[in-house]
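>>> Fold the stuff below for me.
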Amino acid sequence: MYVSKLRYTALIAAVLVIALFTPSQAQQFCQTGCNPTTNPFVVQDIAIPVGPDCIMTVRIRKRICAGVHELEVVSATTTGQCAGINATNSLSVALRILVGNNYMNFPPQGAGPAGTWTWRIAKPACWTSPTPTQLIPCNSPCCVSVLTVTRREGCDTWAISNESFSSVRPTCELTHQSGSGGDGPPNPELCTYSCDPQLPKK
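Okay, the predicted model is just below:
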């Protein structure tokens, strides 16, 4: 009986460990309730200058879910003279430029009737660099900005009028999976926290 209890305890512990480090948990906060089959994502690569001669190409996926325009950051790469530039900080800068200029082509675009739209911007909270030019998400929850975008009647410009920002502060070092597929043991040295709102702090 005692041995059976030990085996049961070990089994429960193993299940908990597997659940903690399952790669599918990496994007759990990023995803919403829409079925990706009926509401598929479109992948887009967007190049953003983050330094005098440094370009960060951000890979996003986007879709419309229940009337909300969703953007999720998938990965990022840098090219050019990027030595000395902090990649995770640059990702936050690049995302602000990307969203602030609506490079993902969400409505509203150009002149048109007045209206209000909702954008949902999500990215994993923890990132790692398997190579000096690459950023991929670690196994972590997401930071999410829900933006209210408005355009006044007769205007050909729009503005972000409100942001609802939710974030977590996980222990990034303990949630990273080594290897690009997230199938290795935890590596406690490679993950970095990067989680900022889209609007500048007042």
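
>>> Run through who's touching the strand or helix carrying Lys62.
Element membership for Lys62 (DSSP states H and E) is strand 54-65. Contact partners of strand 54-65, identified using CB atoms under 8 Å, 6 or more residues apart in numbering, comprise 32-34, 36, 39-50, 69-82, 85, 87, 90-91, 94-95, 98, 104, 106, 120. For the C-beta atoms, the positions are set from N, CA and C on the backbone; glycine is no exception.

>>> Out of the residues you listed, list just those in strands.
Under the assignment DSSP state E, the contacts of strand 54-65 contribute 42-50, 69-80, 120 to strands.

>>> Tell me which residue is most central in the chain.
Lys123 (1.3 Å; CA atoms, centre = their mean).

>>> mind checking how far the nearest residue to it once chain neighbours are set aside is from Gln44?
Nearest non-adjacent residue to Lys123, counting by CB to CB, 6 or more residues apart in numbering: Val73, 3.8 Å away. Distance of Val73 to Gln44, given as CB to CB, to the nearest Å: 11 Å.

>>> and these two? which has more neighbours close in?
Higher neighbour count among Val73 and Gln44: Val73, with 24 against 16, using other CB atoms under 10 Å.

>>> Return the backbone torsion pair for Thr37.
With angles defined as degrees, to the nearest 10, Thr37 shows backbone torsions of phi -80, psi -40.

>>> Contacts only, for Cys155.
Cys155 neighbours (CB under 8 Å, 6+ apart): 111, 114.

>>> so where do the helices sit in this protein?
Ranges of helices within the chain are 2-20, 87-100, 172-175, based on DSSP state H.

>>> pLDDT averaged over the last one - what is it?
In this model, helix 172-175 has a mean pLDDT of 64.

>>> what's the answer for the first one, then?
Rounded to a whole number, the mean pLDDT of helix 2-20 is 36.

>>> repeat for stretch 117-135
Stretch 117-135 shows an average pLDDT of 92 in the prediction.

>>> Endpoint to endpoint, it covers what distance?
30 Å (CA to CA, to the nearest Å).

>>> What are the buried residues along that stretch?
For stretch 117-135, burial by neighbour count (16 or more other CB atoms under 10 Å) applies to 117-129, 135.

>>> same check, this time on stretch 156-164
Neighbour counts over stretch 156-164 (16+ other CB under 10 Å) mark 158, 160 as buried.

>>> can you check stretch 90-101 too?
Residues of stretch 90-101 classed as buried: 90-99 (neighbour count, 16+ other CB under 10 Å).

>>> now it, how far from the chain's geometric center?
A distance of 12 Å separates the centroid of the chain from that of stretch 90-101, by CA atoms, centre = their mean, to the nearest Å.
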